[in-house]
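*Asks:* Predicted model and sequence below, questions to follow.
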Amino acid sequence: MAVERIENVEGSDGEAVPTTAIASATAAQTTYPIAPGYAVNVRSGPGTGYRIVRVLPEGSRVSISCQRPGDSVSGPYGTTSIWDNIAGGEYISDAYVKTGSDGYVAPRCS
């Protein structure tokens with residue numbers, strides 16, 4: 001992979017933007033809120049038959065590294081078979097995550 005050095009970047013107002021600000025914004029990972037009023041089971045795989053590894057408390061936010069199909073689940077954000085990988089070997093149903101989409105918002109897990 002090639003990396004190019006950026007010398008000068010201009011913002012929308014024509015002012016120079018420090019490249020460190022751009023790198024920081026790019027490195028920040030998007031997080032999504034869990035449905036209000038719910039504590040969500042985190043499972044070892046993409047389905048309700050997988051063991052519960054922990055429970056996310058109400059008010060949690062998650063980052064989604066990848067998504068994969070699994071058991072269909074109904075929740076506050078509809079019925080879906082999409083499961084979100086939030087950490088190594090940890091999945092939650094997308095029916096409990098406010099992603100703003102009924103489809104995939106992250107790459108498919110390999």
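*Replies:* Nice, I can see it.

*Asks:* Would you map the strands across this structure?
*Replies:* 32-33, 40-43, 52-56, 61-62, 66-75, 78-87, 90-93 (DSSP state E).

*Asks:* Run through the neighbouring helices and strands of the third one.
*Replies:* When contacts are defined as 3 or more Cβ pairs under 8 Å, 6 or more residues apart in numbering; DSSP states H and E, strand 52-56 packs onto strand 40-43, strand 90-93. (Glycine included, C-beta is placed from N, CA and C.)

*Asks:* so how far is the first one from its chain's centroid?
*Replies:* Taking Cα atoms, centre = their mean, to the nearest Å, one finds strand 40-43 lying 14 Å from the centre of the chain it belongs to.

*Asks:* With stretch 57-76 instead?
*Replies:* Taking Cα atoms, centre = their mean, one finds the center of stretch 57-76 at 8 Å from the center of the full chain.
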